[in-house]
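>>> could you look at this predicted model? Sequence included:
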Amino acid sequence: MSKKINLDEKIFVAGSSGMAGSAICRRLKKAGYGDKKLNGKIFTPQRAELNLLNLDSTKSWFRENRPTVLIIAAAKVGGILANSSKPADFLFDNLRIQNNLFETVKEFGIKRLLFLGSSCIYPKFSLQPIKEDYLLSGYLEPTNQWYAVAKIAGIKLCESFRKQYGIDALSLMPTNLYGPGDNYHKEESHVMASLIRKFYEAKTQNKLEVNCWGTGSPLREFLHVDDLGRAVLFALENWDPNDKKSPRNDNGEQLSYLNVGTGFDISIKKLAELISNEYGYFGKIKWDQNKPDGTPKKLLDITRIKEMGWEPKISLDAGVRRTISEFKEIYNSRNFKG
C-alpha cells in the first residue's frame, strides 16, 4: 500500500510546543520528514510568529508558508480544577483555535488534515470499553464538559469538511496522555503529572503523608505521548477512510475518527501506589473524598486502529519510570515553573 503523505511534505504541527505536538514532531523527524535535502519541512511556529486565536494572523501565516499537511494538536488543556475554574476559557479558546484553522484551510486548501480530539468526548457513563460509535450517546462528564464540547466540535468539523468540501480530514481520540512535555503545575495538571509531582515533593521534603484528590477508585487508561506520536504518523501515512477496507462503525458507515489508547486501565489508587513505590516513598496516602472523582471508568476500545496495524509499545510501568526520571531533571532545573 502506498503512503498517503511523502517525505517532501510541508507539515504544519499546530501546538508543536505542547506535549502532544512535541512528540509528533519527534516522530516525524525520526521517520525522515522535514529533511531539507528532500525539500521537506516541519513548521513549528511559536505564538510570536503565529497567534492561532487570531484569524488574520492564521490566514497570513498560511498565505506565506502554504503547508500541505496540517496536524491540529493546539489546545488549551488542564485537569479538573482548571476546567472547573475557567470553563469559558476552555470552551472559547479551543473553539476559536479550531475555527480559525478550519476557516483558513477552507480558503487555502490542504492535502491532509489530522485533528487530535480527546477521550473526554465520550459520555460519563458510556459502555466499556468505549467504541467510536458511542460518541454523543449520553451526558458528558460535568467536570471537563467545556473542553469536551470543543473537541466534539472539532471532530464534527472534520466530518463536515470531508463531506462538504472534499478535504481529507481525519481525527484521532487519544486517551489520557503522559510523558515528556507534560504540565506539572500544582493547579492545572492532569492526574498523572499531579501525582508524579506530589510524591516527589513528599519524598524529598520528608512528608509523612500525601493528600490525593477524590476516592482513588476511578479507573483510567494512560498512553505515553511517544506512542501517540507513532499513531499520528501511522494514520497520516496509511489511513484512508474512503478505502473499503478502512474501519466502519457498527452500521457499516465510514469512520473518520479513531480511538488511540492501550486497551488497559488502572485505578487512580493503584497508580498512586505505583508512583510512590518508584520513588521509594512509604508515607501515608490520604484521599480527599470531598473532591470530585470525575468519570468512574474510561477505557477506550482500540480494536479498529489495531486491526489497521498500529498498537502501543510503551508499558505503563516503563513509561512511568521514564517520566519520573525526566521530571526529576525538570523539577531541579532553573527553568521549572508552577
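Yep, it's here. Keep in mind that this is a model prediction, so the values were computed, not measured.
>>> quick one: which helix or strand includes residue 160?
Element membership of residue 160 [criterion: DSSP states H and E] is helix 145-165.
>>> show me what the helix or strand following that helix packs onto, helices and strands only.
Next helix or strand after helix 145-165 toward the C-terminus (DSSP H and E): strand 169-174. With contacts taken as 3 or more CB pairs under 8 Å, 6 or more residues apart in numbering; DSSP states H and E, strand 169-174 sits against strand 112-116, helix 145-165, helix 225-238, strand 257-260. Glycine gets a C-beta too; all of them are placed from N, C-alpha and C.
>>> I'd like the mean pLDDT over strand 169-174, please.
Per-residue pLDDT values over strand 169-174 give a mean of 98.
>>> try stretch 85-92
For stretch 85-92, the mean confidence score works out to 90.
>>> use 638 as the first number from now on
Got it, the first residue is 638 from now on, which makes the last one we talked about stretch 722-729.
>>> tell me the buried residues in it?
Using 16 or more other CB atoms under 10 Å as the test for burial, stretch 722-729 gives 723-724, 727-728.
>>> out of those residues, flag the one nearest to residue 765.
Taking CB to CB as the measure, residue 765 lies nearest residue 727 of the buried residues of stretch 722-729, at 25.5 Å.
>>> name the helices or strands packed onto the strand or helix carrying that closest one?
Taking DSSP H and E as the definition, residue 727 sits inside helix 724-745. Counting contacts by 3+ CB pairs under 8 Å, 6+ apart, helix 724-745 is packed against helix 692-702, strand 706-709, helix 782-802.
>>> and the ones you listed as TSV, adding mean pLDDT, distance to residue 903 and mean neighbour count?
Formatted as TSV, the helices and strands packed on helix 724-745 follow (pLDDT from 0 to 100; distance: least, CB to CB, whole Å; neighbours: other CB atoms under 10 Å):
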stretch	mean pLDDT	distance to residue 903	mean neighbour count
helix 692-702	97	39	15
strand 706-709	98	29	26
helix 782-802	96	22	19
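>>> test my guess that residue 859 contacts residue 832.
No. At 11.0 Å, residue 859 does not count as touching residue 832 under the criterion of CB atoms under 8 Å.
>>> buried sites along the lowest-mean-pLDDT helix or strand in the chain?
Least confident helix or strand of the chain, by mean pLDDT, DSSP states H and E, is helix 717-722 with a mean of 77. Judged by neighbour count (16+ other CB under 10 Å), helix 717-722 contains these buried residues: 717-721.
>>> cool, and stretch 893-902?
Quick answer for stretch 893-902 (16+ other CB under 10 Å): 893-900, 902.
>>> tell me which two of those residues sit farthest apart.
Once CB to CB is applied, those give 893 and 902 as the farthest pair, at 25.9 Å.
>>> and the contacts of the helix holding residue 727?
Here helix 724-745 makes contact (CB atoms under 8 Å, 6 or more residues apart in numbering) with 651, 689-692, 695-696, 699-700, 703, 707, 709, 711-713, 715, 719-720, 750, 752, 781, 783-784, 786-788, 790-791, 794, 798, 802, 804.
>>> what does stretch 678-697 give?
Identification of contacts with stretch 678-697 by CB under 8 Å, 6+ apart yields 646-651, 653-654, 658, 662, 665-666, 670-671, 698, 702, 704, 711, 730, 733-734, 737-738, 740-741, 744-745.
>>> residues contacting residue 854?
Residue 854 sits next to 904-906, 930, 933 when contact means CB under 8 Å, 6+ apart.
>>> mind showing which ranges of the protein have poor pLDDT?
638 (pLDDT under 70).
>>> spatially nearest residue to residue 824 (excluding sequence neighbours)?
residue 718 (5.5 Å; CB to CB, 6 or more residues apart in numbering).
>>> so the one you found sits against residue 822, correct?
No. With contact defined as CB under 8 Å, residue 718 does not count as touching residue 822 (9.9 Å).
>>> so which bits of stretch 952-961 are buried?
Buried residues in stretch 952-961, defined by neighbour count with 16+ other CB under 10 Å: 953, 956-957, 959-960.
>>> over to stretch 683-690?
Neighbour-count burial for stretch 683-690 [16+ other CB under 10 Å]: 687-689.
>>> make JSON lines out of the residues you listed and add distance to residue 758 and secondary structure.
Below are the buried residues of stretch 683-690 laid out as JSON lines (distance: CB to CB, whole Å; DSSP: H, G, I helix; E, B strand; the rest coil):
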{"residue": "687", "distance to residue 758": "26", "secondary structure": "coil"}
{"residue": "688", "distance to residue 758": "26", "secondary structure": "coil"}
{"residue": "689", "distance to residue 758": "21", "secondary structure": "coil"}
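>>> list just the nearest of these to residue 847.
residue 689 (37.3 Å).
>>> ok, now how distant is that closest one from residue 755?
With the distance defined as CB to CB, to the nearest Å, residue 689 ends up 18 Å from residue 755.
>>> grab the nearest non-local neighbour of residue 826.
residue 820 (5.2 Å).
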